[in-house]
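Enquirer: just a sequence and a predicted model for now, questions to come.
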Amino acid sequence: MQAMGLVNDHVEGCCVRVECETARAAFVRPSSGI
């Protein structure tokens, strides 16, 4: 699930955690267009 972006498994204090959280917050899900 982490590979799909469903969970952030970077532990507290991980040097990449903040970057991952920022990217997830900025992500806009595409609409189906239907």
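Expert: Everything's here; your move.
Enquirer: roughly how far does the residue sitting nearest the centre point of the chain sit from residue 34?
Expert: With distances taken as CA atoms, centre = their mean, residue 24 lies nearest the centre of the chain, 3.3 Å away. Using CB to CB, to the nearest Å, one obtains 25 Å as the distance from residue 24 to residue 34. Every residue, glycine included, has its C-beta placed from N, CA and C.
Enquirer: same check on residue 19?
Expert: To residue 34, residue 19 is 33 Å away according to CB to CB.
Enquirer: between these two, who's got more neighbours?
Expert: The residue with more neighbours, out of residue 19 and residue 34 and counting by other CB atoms under 10 Å, is residue 19; that gives 11 against 3.
Enquirer: where does this structure have low pLDDT?
Expert: 1-2, 4-6, 8 (pLDDT under 70).
Enquirer: number of nearby residues for the nearest residue to residue 16 once chain neighbours are set aside?
Expert: Spatially, and ignoring its direct neighbours in sequence, residue 16 is nearest to residue 10 (5.5 Å; CB to CB, 6 or more residues apart in numbering). Number of residues near residue 10 (other CB under 10 Å) recorded here: 15.
Enquirer: let me see the ranges of the helices in the protein.
Expert: Counting by DSSP state H, the chain has helices at residues 17-26.
Enquirer: ok, so what distance separates the residue nearest to residue 16 from residue 22?
Expert: Per CB to CB, residue 10 is found 12 Å from residue 22.
Enquirer: tell me how many other residues crowd residue 25.
Expert: Residues near residue 25, counting by other CB under 10 Å, number 7.
Enquirer: no no, residue 13
Expert: Residues near residue 13, counting by other CB under 10 Å: 6.
Enquirer: and if you look at residue 23?
Expert: Neighbour count for residue 23, taken as other CB under 10 Å: 11.
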